[in-house]
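Student: got a structure for you, letters missing:
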């Protein structure tokens, strides 16, 4: 069976993929749909949805909520994607080394990993952004720093179980080097769990980014969903739409990514294939 | 109740498989009967439907995907295929019980043996706790487990494999069932333990008048234990008859082919071997320590001598067999020789160069000279690499040009009897035997002088096993290879090896020419091993 046939069997995963495509399209065409700067004061403040030319209403300063959501999608997806890529890279390298070599290498790397895991991740992220200046880089770094230990643990486990397999011993007996065994022989065999964990991590990254922006720790020059919610929370009772629509955007995106992650898990994990 | 009816009577049984499977029915038109006080052996290769039939009798098919769609199973005249689930629960464990291949997974690891036996009795009767305990103790005693009072409180991991299988049998016999179904009960055990378990099953069957349905793939076991034999192939019974009829005068071509594939215990004629020594292993020692904790705190250190001053010599063109039971250290020895494991002490002399102290870089030029064939054809090939790459990678690592390496790999595919189209396929598209051929091709691609084969045929069916052994013998002749052949199966060793070294607990107890060893073993342990070979008195024609 092709990969798509396997993936398609999980209906909700297909729905998730559909929503995710919509969010990507929205991000890609943001400047076409809303050519103006989302921070621009576009009209009468606190206009309800559908009035004064605002499709989803305007906020306390008269900024267009719909435009903010479209441009905010870019920020959220970019930060989440970048942060996940960095986290997966660090996690895979450290976890791979720890799992492959074992012994004291493993001990040292895993104790370091545990050190990161003992601090609650959101508090840790706030701390990092607060120490550095709030900017896209610092947010990406903060999210990556709190996310990599999970990947490292996962990759370590996979490497440990694979390094003693007979096909790896066969590689040793022809004199293959360690680096080549790790990259060309073991890594391809543990890609599926990494992809699944990574896709779910994107969802968490979006939530952390929104949380940081909500607390005012986002990049002040770039619109994001969390920032919009933060800006609207004081008027939650008089202008519900300012918070609600970015909130729905976050909800749908995170849900879609989780569904896709689950779908990937079902399709890539051969042991679960017979479960249906 | 009809007293003339057989204890168990299968009539034209069909078991349906879900769509997309290799065949539509796992079991097709199977009919056989089992009588009181009789052992019926169901023999067949993997995938022949022998276990599915047993599960159908117990009503344990993985419903709804797999189910009986035609035919009847009569147990003492009662049709089990139409029986209610509540009735089946009474039958299972009470009147028909089952023992499985792997006693470690069939027993619950967090419950004591006594509790597990007690459960069976509690579900089927209403006797008091005190009496149940007495019953459990007497059951444990009846399967000859030492110190029943201690065993009843033991957890499965505290017992050895053979003891666990005995405990399983005690559980199965708790309700004095009329039928005992044994699904490969000795496959996971060592030969000496296997012989004891077979003796126990036979003894209990006679004293309890039980009908035993014994599923196995090993004709030696059949010869030892069976009253009647049914041979299965592709879900059908191809031949059924008394043990003598089937084993000594097989009628069906498939049975005849199987009989021919069973290796004989009589070694073939002695081959001329040169005196030139290819490899000398001198007092090789490998010790494993575990536990100990930090700074000597915690539990006491456990020391295991996996290889203890092992010395062997391999002559040019010779096949040296290393024989022993599990835990004897034979695999450790093999891995030390190919330098997958670093030995602690001793010498591995290859053409007067000691390989043991060499580091990875210094070892490089010698890697290709000693190559290994692994046991598990499913775990020994990278599932994500194409076959061509798997074979060509070896020469490429040694610095052979890609085109040249590919050419060599294609030659190897042909040498091991695989189609050139195999090149672009992934390992999972091949059967076990074909995969083992790929593993052999990978080892040969490096042009080795010594081949270390670690149980290369023990995961294969008997007919495939014969083909692989033939292939190994053929390339040994053609390429003038010397071979170290590790096996637990003395029949295989008898056919393949020129000389045999017997290992036990990390030490070599006896070495000698195969024919001498088989006719005139000196060490009592070798004698014990030879006596335990199933079907020792049966000689396939």
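Tutor: Arrived safely, thanks for sending. A quick note: this is a predicted structure, and the numbers were derived from the prediction, not measured. Residues are numbered from 1 along each chain as shown, chains lettered A, B, ... in the order given.

Student: mind checking how far the spatially most central residue of chain B is from chain A?
Tutor: Centroid check for chain B by Cα atoms, centre = their mean gives residue B:187 as the closest residue, at 5.0 Å. Going from residue B:187 to chain A by Cβ to the nearest Cβ, to the nearest Å gives 20 Å. (Glycine included, C-beta is placed from N, CA and C.)

Student: which ones are touching that residue?
Tutor: B:101, B:216, B:217, B:218 (Cβ atoms under 8 Å, 6 or more residues apart in numbering or on different chains).

Student: adding pLDDT, secondary structure and distance to residue B:434, write those out as a markdown table.
Tutor: Listed next are the contacts of residue B:187 as a markdown table, based on pLDDT from 0 to 100; DSSP: H, G, I helix; E, B strand; the rest coil; distance: Cβ to Cβ, whole Å:
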| residue | pLDDT | secondary structure | distance to residue B:434 |
| --- | --- | --- | --- |
| B:101 | 82 | coil | 25 |
| B:216 | 91 | strand | 25 |
| B:217 | 88 | coil | 19 |
| B:218 | 88 | coil | 23 |
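
Student: just give me the closest of those residues to chain A.
Tutor: The shortest gap between chain A and any of these belongs to residue B:101, at 20.8 Å (Cβ to the nearest Cβ).

Student: just checking, the residue nearest to the centre of chain B is part of a strand?
Tutor: No: assignment of residue B:187 by DSSP: H, G, I helix; E, B strand; the rest coil gives coil, placing it outside any strand.

Student: give me the phi and psi angles of residue B:313.
Tutor: Residue B:313 adopts backbone torsions of phi -130, psi 140, taken as degrees, to the nearest 10.

Student: just checking, it touches residue B:276?
Tutor: No: between residue B:313 and residue B:276 there is no contact under Cβ atoms under 8 Å: 10.7 Å.

Student: who's more crowded, those two?
Tutor: Neighbour count, other Cβ atoms under 10 Å in any protein chain shown: between residue B:313 and residue B:276, residue B:313 has more, with 16 against 11.

Student: contacting residues for the more buried one?
Tutor: B:277, B:279, B:280, B:281, B:320.

Student: buried ones from these, can you make that a PyMOL selection?
Tutor: With 16 or more other Cβ atoms under 10 Å in any protein chain shown as the criterion, this PyMOL line picks the buried residues out of these:
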select buried, chain B and resi 277+279+280+281+320
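
Student: out of the contacts of residue B:313, flag the one nearest to residue B:80.
Tutor: Lowest distance from residue B:80 to those (Cβ to Cβ) belongs to residue B:320, with 52.7 Å.

Student: I'd say that closest one and residue B:499 touch.
Tutor: Yes: between residue B:320 and residue B:499 there is a contact at 5.3 Å, judged by Cβ under 8 Å.

Student: all helices for the stretch 151-276 of chain A, in order.
Tutor: Ranges of helices in the stretch 151-276 of chain A, per DSSP state H, counting those that start in this stretch, are A:166-173, A:178-180, A:191-214, A:225-232, A:241-268.

Student: residue B:240: which of the ones you listed is closest?
Tutor: helix A:166-173 (38.8 Å).

Student: and that closest one, anywhere near chain B?
Tutor: Yes: contact between helix A:166-173 and chain B, assessed by Cβ under 8 Å from any Cβ of the partner chain, occurs at A:166, A:167, A:169, A:170, A:171, A:172, A:173.

Student: with adjacent residues omitted, what lies nearest to the second one?
Tutor: For residue A:167, the nearest residue in space outside its immediate sequence neighbours is residue B:382; the separation is 4.6 Å by Cβ to Cβ, 6 or more residues apart in numbering or on different chains.

Student: tell me how many other residues surround the one you found.
Tutor: Neighbour tally, residue B:382, other Cβ under 10 Å: 24.

Student: same question, residue A:177
Tutor: Neighbour count for residue A:177, taken as other Cβ under 10 Å: 13.

Student: now swap in residue A:197 and tell me
Tutor: Applying other Cβ under 10 Å, we find 22 residues neighbouring residue A:197.

Student: and if you look at the one 5 residues further on?
Tutor: Other residues within reach of residue A:202, judged by other Cβ under 10 Å, total 25.

Student: for it, what are its contacts?
Tutor: A:80, A:81, A:84, A:257.

Student: A helix includes the first one, no?
Tutor: Yes: when classified by three-state DSSP, residue A:80 is found to be part of a helix.

Student: what is the burial count for it?
Tutor: Residues lying near residue A:80 (other Cβ under 10 Å) number 25.

Student: distance of the residue lying closest to it once chain neighbours are set aside from chain B?
Tutor: Spatially, and ignoring its direct neighbours in sequence, residue A:80 is nearest to residue A:205 (3.8 Å; Cβ to Cβ, 6+ apart). Using Cβ to the nearest Cβ, residue A:205 is found at 28 Å from chain B.
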